[in-house]
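Peer 1: Sequence and computational prediction follow.
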Amino acid sequence: MKQNINLPNCNQLAEKFSVKFPDLGVDDQNLLFWDEDVQFFKRGSVIYKEGDFAKGCFFLFSGILKVFKTGIEGKEQIIRFAKEGDLIGFRSVLSHERFCTSAKVIEDAVVCFIPSNVLTKLIQENSNFALQLMKVTCAELGEANSYITDIAQKTVRERLAEVLAQLEDTFGLNEEGTLKISLTREELANMVGTATESVIRLLSEFKSDKLIELNGRKIKILNSESLRKTGGLI
């Protein structure tokens, strides 16, 4: 759903984009955002679907998205979360393939669409940007490799502890020590790669072990160090 209020202008988009991609000149920024296509999306909105033709990529100005694949019987497998400043969908654009994942809003988001020809032109004309984009791609592939290793070698308990620690690192905690991202038990289970019932049971165990506190979907981290030890991170 598009809103015509409180949407960022070209300069605001360029400023946020430059945090992760700093080597952009004025001409580069104008190429990306002069004819900006910016929309506001409510929680639950789908930005793109797996199998859609990739006509461009998406710059997340604010909010949180989950990027996932759909498996057997429609079950989601969450690949990662995107937060403000992230660029998503660009690999499908560069490979001239259909989107291999879907992206859905889990916290109200402002998203800017960047057409394929614009992204390709910027890569061709700015080698520093191309290198930065390559680094982002390598980092995402590294995360995917780590996930595959974890699925094969770690227990469900270890994987859940690791996921909670990663959410703390990515999104941080509020003043009360609660994760700033709020996920359903099913979404946590999709991240871990297990049944929802297993996540519910393990969260209760973590609570009994005084690693976390639970208040509905809110998770408060009580002992980050022990949680990371449980997850095999330290």
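Peer 2: Everything's here; your move. Numbers count the residues shown, from 1 in each chain.
Peer 1: CA atoms for contacts and neighbours, from now on please.
Peer 2: OK.
Peer 1: List the buried residues of the helix-or-strand element of the chain with minimal mean pLDDT.
Peer 2: Comparing helices and strands within the chain by mean pLDDT, DSSP states H and E singles out helix 127-153 as the least confident, with a mean of 87. Of all the residues in helix 127-153, those buried under the rule 16 or more other Cα atoms under 10 Å are 129-130, 132-133, 147, 150.
Peer 1: same thing with stretch 71-84?
Peer 2: Buried residues in stretch 71-84, counting neighbours by 16+ other Cα under 10 Å, are found at 76-79, 81-84.
Peer 1: Going by distance to Phe21, which of those residues wins?
Peer 2: Checking the buried residues of stretch 71-84 against Phe21 with Cα to Cα, the nearest one is Glu84 at 13.0 Å.
Peer 1: And that closest one, how close does it get to Ser102?
Peer 2: The gap separating Glu84 from Ser102 is 17 Å, by Cα to Cα, to the nearest Å.
Peer 1: Would you mind splitting this protein into its domains for me?
Peer 2: 10-151, 154-231 (the TED database).
Peer 1: in the helix or strand containing Val38, what's buried?
Peer 2: In this assignment (DSSP states H and E), Val38 forms part of strand 37-41. Going by neighbour count (16+ other Cα under 10 Å), the buried part of strand 37-41 is 38-41.
Peer 1: Strands of the protein, start to end?
Peer 2: Counting by DSSP state E, the chain has strands at residues 37-41, 46-48, 56-70, 76-83, 87-88, 102-115, 212-215, 218-221.
Peer 1: By mean pLDDT, show me the worst of these.
Peer 2: Out of those, strand 76-83 stands lowest, with a mean of 90 (criterion: mean pLDDT).
Peer 1: Can you tell me what sits against that strand?
Peer 2: Counting by Cα atoms under 8 Å, 6 or more residues apart in numbering, strand 76-83 makes contact with 60, 62-71, 88, 144, 187, 190-191, 193, all of which sit outside it.
Peer 1: Write the PyMOL selection for whichever of those residues are buried.
Peer 2: Applied in PyMOL, the following selects the buried portion of the contacts of strand 76-83 according to 16+ other Cα under 10 Å:
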select buried, resi 60+62+63+64+65+66+67+68+69+88+187+190+191+193
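Peer 1: got the contact list for the residue at the greatest distance from the centre of the chain?
Peer 2: Among the C-alpha atoms of the chain, the one most distant from their mean position (Cα atoms, centre = their mean) is that of Ser208, at 29.9 Å. When the contact criterion is Cα under 8 Å, 6+ apart, Ser208 has no partners at all.
Peer 1: pLDDT wise, what is it at?
Peer 2: 97.
Peer 1: Just the terminal-to-terminal distance for stretch 222-234.
Peer 2: 17 Å.
Peer 1: Buried residues, that stretch. List them.
Peer 2: Taking 16+ other Cα under 10 Å as the neighbour-count basis, stretch 222-234 is seen to contain the buried residues 222, 224, 226-228, 230-231.
Peer 1: Show residues contacting it.
Peer 2: Applying Cα under 8 Å, 6+ apart, the external contacts of stretch 222-234 come out as 157-162, 165, 177, 210-213.
Peer 1: circling back: which of the buried residues of helix 127-153 lies closest to Leu183?
Peer 2: Of all the buried residues of helix 127-153, the one with the least separation from Leu183 (Cα to Cα) is Tyr147, at 19.1 Å.
Peer 1: quick one: the closest one and Leu122, what's the gap?
Peer 2: In this structure, Tyr147 lies at 31 Å from Leu122, with Cα to Cα as the measure.
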